[in-house]
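In: here are the coordinates; sequence isn't available:
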């Protein structure tokens with residue numbers, strides 16, 4: 001009798017609340033079920049992996065656990081456990097997939113999408129999976145962050161190389177590279193990128209001498225004081241290095257040779273009429289021959305900065 005006297009609006013409200021409570025419980029149960037399934041899958045893989053490791057350590061292959069035969073190595077002399085892809089907790093792809101993807105991106109020069117296409121091409125013979133382009137980029141960013149946060153060795157012969165990236169938008173990036181003087185001699189005073197160590201990356205809106213000096217102090221506190229600082233003659237870098245050298249007078253400031261030569265050439269040829277005429281002709285030839293059969297003869301593009 002009471003149900004017949006209850007307003008319809010209240011009945012609908014009660015039904016809606018009951019439906020929402022039921023939906024929340026169903027979603028919670030689905031999440032718990034999914035979490036349990038993932039945990040069971042990881043435990044099964046971990047159990048199989050460690051079982052193979054244990055059998056391999058005992059001098060038997062995983063197949064010997066059931067057959068009892070003494071064939072712990074294949075024709076290549078490598079046990080199956082050693083070739084088993086190594087799983088990482090909370091990751092979908094194996095360690096081999098990550099290493100291969102980052103090697104293709106960092107050392108071969110493929111783009112993030114190109115890495116996926118190469119792995120898809122060889123997926124039949126090398127079943128590593130095909131990670132998405134954003135996944136490869138995230139792996140490389142995490143690797144770079146790990147390398148950047150890794151404490152560098154303290155030495156008394158560090159050489160710092162400072163420079164700003166070309167500003168894009170409102171932000172500038174100050175990069176501090178380092179190389180020991182002993183390593184510089186080993187490379188024949190012609191180091192490559194692999195010989196350098198990234199010591200600091202500072203993103204800033206406005207760069208001035210005080211901020212540059214603060215970055216140098218932070219880096220030297222982790223690595224030891226440098227014996228030499230190489231940089232161009234940007235006003236903020238010069239001021240920052242001068243402020244830092246007040247506390248470390250033994251540090252030598254060196255003008256970057258490429259910028260020094262470019263500045264001298266610009267000063268020497270800036271008012272030279274034949275040189276200016278040559279630059280104008282080169283620019284004109286660039287626009288006229290760009291989409292022609294003689295495009296391979298185009299002059300190199302001039303840097304505006």
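Out: Received, thanks. None of these values were measured; they are calculated from a predicted model.
In: quick one, strands of the stretch 151-300 of the chain?
Out: Using DSSP state E, counting those that start in this stretch, the strands of the stretch 151-300 of the chain run over 158-164, 172-180, 197-204, 228-231, 252-255.
In: ranges for the helices of the stretch 51-200 of the chain?
Out: 64-67, 80-83, 95-103, 112-121, 133-149, 181-186 (DSSP state H, counting those that start in this stretch).
In: Out of the strands of the stretch 151-300 of the chain, the one nearest residue 25 is which?
Out: strand 197-204 (46.4 Å; Cβ to Cβ). Backbone N, C-alpha and C define where each C-beta goes, glycine included.
In: Report the angle between that closest one and helix 133-149.
Out: Interaxial angle, strand 197-204 versus helix 133-149 (axes from the mean of the first three to the mean of the last three Cα atoms, to 10 degrees): 110 degrees.
In: separation between the nearest residue in space to residue 299 that is not next to it in sequence and residue 276?
Out: With sequence-adjacent residues excluded and distances taken as Cβ to Cβ, 6 or more residues apart in numbering, residue 299 is closest to residue 282, at 4.4 Å. From residue 282 over to residue 276 the distance is 11 Å, taken as Cβ to Cβ, to the nearest Å.
In: With residue 40 instead?
Out: Counting by Cβ to Cβ - residue 40 and residue 276 are separated by 75 Å.
In: Including distance to residue 99 and mean pLDDT, could the strands of the stretch 151-300 of the chain go into TSV?
Out: Supplementary listing: these in TSV, determined by distance: least, Cβ to Cβ, whole Å; pLDDT from 0 to 100:
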stretch	distance to residue 99	mean pLDDT
strand 158-164	29	93
strand 172-180	25	92
strand 197-204	20	90
strand 228-231	34	94
strand 252-255	38	93
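In: Could you dump those strands into CSV with distance to residue 267 and mean neighbour count added?
Out: Listed next are these as CSV, based on distance: least, Cβ to Cβ, whole Å; neighbours: other Cβ atoms under 10 Å:
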stretch, distance to residue 267, mean neighbour count
strand 158-164, 21, 21
strand 172-180, 26, 19
strand 197-204, 30, 16
strand 228-231, 20, 20
strand 252-255, 14, 14
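In: count of neighbours near the residue nearest to residue 143 when sequence neighbours are not counted?
Out: Sequence neighbours aside, residue 102 is the residue nearest to residue 143 in space, at 6.1 Å (criterion: Cβ to Cβ, 6+ apart). Counted with other Cβ atoms under 10 Å, residues neighbouring residue 102 total 17.
In: mind listing what residue 102 touches?
Out: 136, 139-140, 143 (Cβ atoms under 8 Å, 6 or more residues apart in numbering).
In: Could you tell me the model confidence score at it?
Out: Looking at residue 102, its pLDDT is 92.
In: what about it, distance to residue 204?
Out: Residue 102 is 29 Å from residue 204, by Cβ to Cβ.
In: again, but for residue 20
Out: Counting by Cβ to Cβ - residue 20 and residue 204 are separated by 49 Å.
In: what does residue 121 give?
Out: Residue 121 is 43 Å from residue 204, by Cβ to Cβ.
In: same deal with residue 104?
Out: Taken as Cβ to Cβ, the span from residue 104 to residue 204 is 33 Å.
In: again, but for residue 290
Out: Taking Cβ to Cβ, one finds residue 290 at 38 Å from residue 204.
In: got it, and residue 236?
Out: For residue 236, the distance to residue 204 - Cβ to Cβ - is 10 Å.
In: shared neighbours, these two?
Out: Going by Cβ under 8 Å, 6+ apart, residues that sit against residue 236 and also against residue 204 are residue 211.
In: any low-confidence regions in the chain?
Out: By pLDDT under 70, the weakly predicted segments of the chain are 1-4, 59-86, 167-168, 304-305.
In: Can you report how many residues neighbour residue 285?
Out: Residue 285: 14 neighbours (other Cβ under 10 Å).
In: distance of the closest residue to it other than its chain neighbours from residue 261?
Out: Closest residue to residue 285 apart from its sequence neighbours, by Cβ to Cβ, 6+ apart: residue 299 at 6.5 Å. Between residue 299 and residue 261 the distance is 19 Å, computed by Cβ to Cβ.
In: Then residue 20?
Out: In terms of Cβ to Cβ, residue 20 sits 73 Å off from residue 261.
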